[in-house]
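> I'd like to go over a predicted model; first the sequence, then the structure.
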Amino acid sequence: MLVRPVGHDHPRPWNKGLLVGQKKPLQPKNVWSIPVWLEIARMWRDLALFNLAIDSKLRACDLVKLRIDEVCSDAKVRDRAAVVQKKTSRPVQFEITEQTRTSLEVWLRILRTTGSRYLFPSRIHGRPHLSTRQYARLVHRWVESIGLESVSYGTHSMRRTKATQVYRKTGNLRAVQLLLGHTKLESTVRYLGIEVDDALQIAEQIEL
């Protein structure tokens, strides 16, 4: 008869000792301090990537695959852009603010000498663009640079940051749903981590 070793009746949970759940959005002061650090360090690619990640609110898989022609008209960076999301196959639009356009223009002057059609090419041979894993490592490096605990943040922190601020300032869930490209409003509620009371207060203000 096979005797099971003591202590192996319950395998160690995969998440034991790890922080799980939704990653925190960045606070406005963080959105200011990280670009300052990146600019001082003259990390032009990272600066453009950070700013565009905040503006676009795209999932990592869509952000890393952005092409130059999706954000530029000829040599000029657009005020707005649109991409088809990989997860939903639905288009989503996003704004490109002046700060982001400026950082993109600096990065594009460097990038165009490489001949890449992707906005954020990989530095690993054989890969056309930055991978989501590489992007995740960059996010951790950014938050650590300003003294934050990297375990609390991830690529979804970048996606949630501006969407969270839009909701907090306007309470407009439908607007946030469109900005995130969610097909269902319930997904937006869960994504933002909105409390039930908040959702009910919004519902009470709507007259049918």
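Yep, it's here. Numbering: from 1, shown residues only.
> residue 99: which element?
Using DSSP states H and E, residue 99 sits within helix 98-111.
> which helix in the chain runs the most residues?
Counting by DSSP state H, the longest helix found in the chain is helix 155-170.
> got a list of contacts for that one?
22-26, 28, 31, 50, 53-55, 57-60, 63, 132, 135-136, 139, 143, 172-173, 175-176, 179-180, 191-192, 194 (C-beta atoms under 8 Å, 6 or more residues apart in numbering). Where you see a C-beta, it was placed from the backbone N, CA and C, and this is true even at glycine.
> now swap in stretch 41-56 and tell me
With C-beta under 8 Å, 6+ apart, stretch 41-56 has contacts from 26, 31, 34-35, 38-39, 63, 66, 71, 81, 94-97, 99-100, 103-104, 106-107, 110-111, 119-120, 130, 135, 138, 142, 155, 158-159, 161-162.
> what subset of those is buried?
Buried residues within the contacts of stretch 41-56, counting neighbours by 16 or more other C-beta atoms under 10 Å: 26, 31, 34-35, 38, 63, 66, 71, 81, 94, 96, 100, 103-104, 106-107, 111, 119-120, 130, 135, 138, 142, 155, 158-159, 161-162.
> residue 58 - how many residues pack around it?
24 (other C-beta atoms under 10 Å).
> how close does the closest residue to residue 55 other than its chain neighbours sit to residue 190?
Using C-beta to C-beta, 6 or more residues apart in numbering and skipping residues adjacent in sequence, the residue nearest residue 55 is residue 100, 5.0 Å away. Residue 100 sits 28 Å away from residue 190, going by C-beta to C-beta, to the nearest Å.
> residues touching residue 136, list them.
60, 154, 155.
> chain neighbours aside, what residue packs nearest to the second one?
To tie it back to what came earlier, the one meant is residue 154. Closest to residue 154 by C-beta to C-beta, 6+ apart is residue 23, at 4.1 Å.
> so what's the residue nearest to residue 129 when sequence neighbours are not counted bridging to?
Closest residue to residue 129 apart from its sequence neighbours, by C-beta to C-beta, 6+ apart: residue 118 at 4.0 Å. Note on residue 118: beta-bridge partners by DSSP bridges are residue 67.
> wait, doesn't residue 118 sit right on residue 128?
Yes - between residue 118 and residue 128 there is a contact at 5.8 Å, judged by C-beta atoms under 8 Å.
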